[in-house]
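Engineer: next comes the sequence, and after it the predicted model I'd like to discuss.
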Amino acid sequence: LPSQVFALIVFACLVGEGYTNAPTSSELFCIFNHNEDVCRYGIGIGILAFLACIFFFMVDIYFPQISNTTDRKYLVLADLSFSGLWTFLWFIGFCFLTNQWAWTRAEDVHVGADSARAAITFSFFSIFSW
């Protein structure tokens, strides 16, 4: 459950206030150093992590009804493998978000600094929750 909440927070922060525009322009840009890849990566792993949490929660509910030990073994290995992969991807996401935030100029961020910091913080928490 914490993994699902953290993924939702990262996704919501980036979608809600991760994009902004300059006062003189109507074109949106990612607040993380104008790097669109940072926002796309954070949103992507946030959505996929949220959906994976739902899937594995459903598997956990259905798990006691599975009598075949081979199927159980493969489900446990899939869960373990996915968790390991997603831990690594969250670590990459945290490093990517933090690095680009460090290079962001303060005058480029009019709105969304708190959301950016929240996305960084909860991507860090996601490393340990996965």
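Structural biologist: Here it is on my side, so go on. None of these values were measured; they are calculated from a predicted model.
Engineer: for the helix or strand bottoming out on mean pLDDT in the chain, packing partners?
Structural biologist: In the chain, the helix or strand scored least confidently by mean pLDDT, DSSP states H and E is strand 19-21, which has a mean of 88. Judged by 3 or more C-beta pairs under 8 Å, 6 or more residues apart in numbering; DSSP states H and E, strand 19-21 is in contact with strand 28-30. In short, each C-beta sits where N, CA and C put it, glycine included.
Engineer: for the strand it packs on, which strands pair with it and how are they oriented?
Structural biologist: Within its sheet, and counting by DSSP bridges, strand 28-30 is paired with strand 19-21 (antiparallel).
Engineer: now do the buried residues in the partner strand.
Structural biologist: Neighbour-count burial for strand 19-21, counted by 16 or more other C-beta atoms under 10 Å, picks out 19, 20.
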